[in-house]
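J.: Got a sequence here, can you model it:
(2 chains)
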2 protein chains.
Amino acid sequence: MADKKKKRRRTEPTSDDDDSLPFKNILKPDSSILRSIHKLTASLRSSSAASSSSSSKALTLADLSISSCREVRELPISSVQSEIESLMLKVLHSILDGKGFAFDVPSRAAANQLYVPELDRIVLKDKSSLRPYANVSTVRKATVTARILQLIHELTIKDIHVTKRDLFYTDVKLFQDQSQSDTILDDVSCMIGCTRSSLNVVAAEKGVVVGRLIFSDDGDVIDCTKMGMGGKAIPPNINRVGDMQSDALFILLVEKDAAYMRLAEDRFYNRFPCIIVTAKGQPDVATRLFLRKMKMELKLPVLALVDSDPYGLKILSVYGCGSKNMSYDSANLTTPDIKWLGIRPSDLDKYKIPEQCRLPMTDQDIKTGKDMLEEDFVKKNPKWVEELTLMVKSRQKAEIQALSNFGFQYLSEVYLPLKLQEEDWI
Amino acid sequence: MADKKKKRRRTEPTSDDDDSLPFKNILKPDSSILRSIHKLTASLRSSSAASSSSSSKALTLADLSISSCREVRELPISSVQSEIESLMLKVLHSILDGKGFAFDVPSRAAANQLYVPELDRIVLKDKSSLRPYANVSTVRKATVTARILQLIHELTIKDIHVTKRDLFYTDVKLFQDQSQSDTILDDVSCMIGCTRSSLNVVAAEKGVVVGRLIFSDDGDVIDCTKMGMGGKAIPPNINRVGDMQSDALFILLVEKDAAYMRLAEDRFYNRFPCIIVTAKGQPDVATRLFLRKMKMELKLPVLALVDSDPYGLKILSVYGCGSKNMSYDSANLTTPDIKWLGIRPSDLDKYKIPEQCRLPMTDQDIKTGKDMLEEDFVKKNPKWVEELTLMVKSRQKAEIQALSNFGFQYLSEVYLPLKLQEEDWI
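T.: Predicted coordinates:
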């Protein structure tokens, strides 16, 4: 019976009264909409093919002759292990030479951060400072650094993954407070020059993925078209993820899980071949790494569906350009060229979202919006500036859920198909 | 290479220095530990077989001759639809008879709640009140009630699922505030006498499951032993979940995701056949429904691993006895007979958790602990009272992660196996 219902829903997605839905009448057949997306995917692939044939590939700091910046890389576990060993050998020699020991630690202060427009992300400059053991002000930090290095070394030997919380609890007496071990952990990433996930320290998982994607998670093959409505939890450790395959035409990045659930239940990815992913709010490290890996390996455009408020744009910017806190790893954590599909401030009038479904922006919202207008990664995209200016001026915001005003399936049956048809992304 | 590493880790789970771990030396071979669990599973199954052969099955309110309570049932979508229709027909007749109309709405106030020790859960008594349209104080509520009934009716026709947030946005002007539509939604559940999930209104998903379980999610077959480390996201709508199969001996209910990740990575369920589930903190409705369904269909004991603090116990009680807010649905949301495996206050000394890994309880913690001691569902279990009294007296709490003090894998390699071996659950 369940099967029958499913069939009914999927073959006749629209009931009669749905035809009165705003804009429903201008929707073209799916095959025509698919052509728009094909064009986008093809243009992305040809441009990446062109750039790789001219052997320049993605821009790097080296290409820009910016040598004064520090970036970390994904390193295999064996390299992390040998890096730690050689680091400690240096310390040993220094002690034997009668010079005592000090760690050379990259600075992660705000003054050492830099937005590089050509790369469209925040990077870390190369200032660093000495952390000597023989100095009252740094002896504690030097000790903690040595202990974290030792613990990470243990992880590399066992090849297991732990959380920051686990790390803290291995020596509460020394670390005193988790913020202390967390900070030094980031220092150690920079010192070794590898990503935090290379250190086998992972964040709690939060994101889910569903749709036209097959990948392997710790050796198990996962088919995300066969994950029911719940989807697949995004694995906490990206280095056990591999073998990505997909016949999707784009990746749909969704801010919140209510919209994700609607699209998963309607199996939107069957009508328009795509991969749907959400971090359920603030982007976490695992979802950011997973999104980047999909984009890079599958060469698919990423279209973002976020709330029409300053935080929706902020979330978009974290996926796209990175957060200041982890700028040393922005190359691995950011996904270039994310398109802002919706809900955009101009959509509110365009799609006739009723007044009562819009919310007034608070003073704090306005302030955040104005601050965002000053950010480099917004400024470089004139259309984003235009939209954000409109938002701040109209003092109105709206959630993705506001579309439910036209019916629960308006999002999947009218709004998104129309956006794709009109190629309405910026 | 990944395969090789995996093998190394799994065939030689303990490195040499691990033998010095506290209590490691008293661990018996796994086969012996498994016998303890087999005993528990068998005793649960024989008692449930005995009770079903005496045709009494699980106790219900009717068995106890408690007729003055209201409980909702899981109803098929077609019944919900016809219930709404007959409800509105009654209203129509009342209007035609010149009596105007009023809804008869069950009260969900605190005074209408009852803890039934024989059932070990909170239930709703049968007090109700009229909500007439022709009354200034209730006209708004009556209107909202009618509108929610109409929207739910629409959902039953389309057979789609939406979130509370979607529901709110369909008529912001009327509902004004999401708390208003949420409250009336619970009223409607009680009025129709069905669960909220029967109304096709679902909560955001939060939980994950991994281990020896196969089930179907919206027609797709999910094998939770092949979900890598990330596990499977628990589906938001339990009525699309079915065909549960398992060769597990128990369900391990874990409070937080750090511990879940440790157990998933170590594939604990391969060594001790089990299903591992977590809601990542506060239990959400989807995870509670899923846990109950597993317990009931698979007839497996549930062992809980929570923090040793009043909130760990509180979480355990929500899984076990329900929350006051949704007492009308406690029969469907609660999982009977959950065993408290750890971390228990007495474990702190027993497992020699160092002082620096314990945290002092705040005044608020102490107050919550003392309040819990007055709760019926704690009082009926003398061993729980004993543990909680010890916690309050010692003024010490500890997280599951505190075990990392002995090594990252102490939880999966020593603590849990030992707990199982000693049959140390209460």
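
J.: And the strand or helix carrying residue A:188, what's buried?
T.: When elements are assigned from DSSP states H and E, residue A:188 belongs to helix A:178-192. Neighbour counts using 16 or more other Cβ atoms under 10 Å in any protein chain shown place A:180-182, A:184-192 of helix A:178-192 among the buried residues. The C-beta positions use only the backbone N, C-alpha and C, and glycine is treated the same way.

J.: Outline the domain layout of chain A.
T.: As given by automatic domain parsing, the domain ranges for chain A are A:69-202, A:204-421.

J.: just those: most buried one?
T.: Highest mean neighbour count of the domains of chain A: domain A:204-421, a mean of 21 (counted as mean count of other Cβ atoms under 10 Å in any protein chain shown).

J.: tell me what the helix holding residue A:188 is packed against?
T.: Helices and strands touching helix A:178-192, by 3 or more Cβ pairs under 8 Å, 6 or more residues apart in numbering or on different chains; DSSP states H and E, are helix A:77-96, strand A:102-106, helix A:139-158, helix A:164-169.

J.: And the first one, how far out from the chain middle?
T.: Centroid separation for helix A:77-96 versus its chain: 33 Å, with Cα atoms, centre = their mean, to the nearest Å.

J.: got the angle for that helix vs strand A:102-106?
T.: 130 degrees (axes from the mean of the first three to the mean of the last three Cα atoms, to 10 degrees).

J.: for the record, mean pLDDT for helix A:77-96?
T.: Averaging pLDDT along helix A:77-96 gives 93.

J.: Taking helix A:139-158 as reference, get the angle to it.
T.: 140 degrees.

J.: Give me the contact list for helix A:77-96.
T.: A:75, A:100-103, A:149, A:152-153, A:156-157, A:159, A:191-194, A:198-200, A:239, B:5 (Cβ atoms under 8 Å, 6 or more residues apart in numbering or on different chains).

J.: which parts of the stretch 51-200 of chain A sit against chain B?
T.: A:77, A:154-155, A:157-163, A:165-173 (Cβ under 8 Å from any Cβ of the partner chain).

J.: Swap in 7 Å and give it another go.
T.: Residues of the stretch 51-200 of chain A lying close to chain B by Cβ under 7 Å from any Cβ of the partner chain are A:158-163, A:165-166, A:169-170, A:172-173.

J.: Just flag the most distant two among the residues you listed.
T.: A:159 and A:173 (27.0 Å; Cβ to Cβ).

J.: what's the residue lying closest to residue A:277 once chain neighbours are set aside in contact with, if anything?
T.: Among residues not flanking residue A:277 along the chain, residue A:209 sits closest, at 4.7 Å (Cβ to Cβ, 6 or more residues apart in numbering or on different chains). Applying Cβ atoms under 7 Å, 6 or more residues apart in numbering or on different chains, we find residue A:209 in contact with A:224, A:231-232, A:234, A:275, A:277.

J.: Would you mind giving me the confidence score for residue A:209?
T.: The model reports residue A:209 with a pLDDT of 95.

J.: what about it, which helix or strand?
T.: Assigned by DSSP H and E, residue A:209 belongs to strand A:208-211.

J.: Return the distance of that strand from the chain's centre.
T.: Offset of strand A:208-211 from its chain centre (Cα atoms, centre = their mean): 14 Å.

J.: So residue A:118: helix, strand or coil?
T.: Classification of residue A:118 by DSSP: H, G, I helix; E, B strand; the rest coil places it in coil.

J.: what's near enough to touch residue A:255?
T.: A:278, A:305-307, A:312, A:315, A:400.

J.: Go through those and flag which are in helices.
T.: The helices, defined by DSSP state H, take in A:312, A:315 from the contacts of residue A:255.

J.: and residue A:329, what is it in contact with?
T.: So residue A:329 contacts A:72, A:189, A:195-196 (Cβ under 7 Å, 6+ apart).

J.: Please repeat the previous calculation with a cut-off of 8 Å.
T.: Per Cβ under 8 Å, 6+ apart, neighbours of residue A:329: A:71-72, A:189, A:195-196, A:322.

J.: Residue A:251 now?
T.: Counted by Cβ under 8 Å, 6+ apart, residue A:251 has contacts A:274-277, A:291, A:294-295, A:298, A:300-303.

J.: That one - that's part of a helix, no?
T.: No. Going by three-state DSSP, the assignment for residue A:251 is strand, not a helix.

J.: Is it bridged to anything, and to what?
T.: Counting by DSSP bridges, residue A:251 forms beta bridges with residue A:275, residue A:302.

J.: can you list the weak-confidence ranges in the stretch 251-400 of chain A?
T.: For the stretch 251-400 of chain A, no stretch has pLDDT under 70.

J.: how about the helices in it?
T.: Using DSSP state H, counting those that start in this stretch, the helices of the stretch 251-400 of chain A run over A:257-265, A:268-271, A:285-298, A:310-321, A:330-333, A:345-350, A:363-374, A:376-379, A:382-394.

J.: any idea of the angle the third one forms with helix A:310-321?
T.: Read that as helix A:285-298. Using the same axes, to 10 degrees: helix A:285-298 against helix A:310-321 is 50 degrees.

J.: which helices and strands sit right next to helix A:285-298?
T.: If contacts are counted by 3+ Cβ pairs under 8 Å, 6+ apart, helix A:285-298 sits against strand A:241-245, strand A:250-254, strand A:274-278, helix A:310-321, helix A:330-333.

J.: Equivalent analysis for the fourth one, please.
T.: Applying 3+ Cβ pairs under 8 Å, 6+ apart, one finds that helix A:310-321 makes contact with strand A:121-125, helix A:285-298, strand A:338-342, helix A:363-374, helix A:376-379, helix A:382-394.

J.: Swap in 6 Å and give it another go.
T.: For helix A:310-321, the packing partners by 3 or more Cβ pairs under 6 Å, 6 or more residues apart in numbering or on different chains; DSSP states H and E come out as helix A:363-374.

J.: for the fifth one, same thing?
T.: Using 3+ Cβ pairs under 6 Å, 6+ apart, the elements in contact with helix A:330-333 are strand A:121-125.

J.: mind saving the C-alpha coords of the strand it packs on as CSV?
T.: Output in CSV follows, covering the C-alpha atoms of strand A:121-125 (Å, rounded to 0.1, in the frame of the first residue of the first chain):
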residue,chain,number,x,y,z
ARG,A,121,39.2,33.2,0.4
ILE,A,122,40.8,34.2,3.6
VAL,A,123,44.4,33.1,4.1
LEU,A,124,46.9,33.2,6.9
LYS,A,125,50.1,35.3,6.6
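
J.: So which elements touch that strand?
T.: Looks like strand A:121-125 contacts strand A:69-70, strand A:113-116, helix A:330-333 (3+ Cβ pairs under 6 Å, 6+ apart).

J.: how about 8 Å then?
T.: Packed next to strand A:121-125, using 3+ Cβ pairs under 8 Å, 6+ apart, are strand A:69-70, strand A:113-116, helix A:310-321, helix A:330-333.

J.: Give me the contact list for the shortest one.
T.: This means strand A:69-70. Taking Cβ under 8 Å, 6+ apart as the rule, strand A:69-70 contacts A:61, A:106, A:114, A:116, A:123-126, A:190, A:193, A:328.

J.: and the residue of the stretch 251-400 of chain A nearest chain B?
T.: Per Cβ to the nearest Cβ, residue A:356 is where the stretch 251-400 of chain A lies closest to chain B, at 4.0 Å.

J.: With adjacent residues omitted, what lies nearest to that residue?
T.: residue B:173 (4.0 Å).

J.: wait, the one you found sits on residue B:143?
T.: No. The criterion here is Cβ atoms under 8 Å, and residue B:173 misses it with residue B:143 at 11.5 Å.
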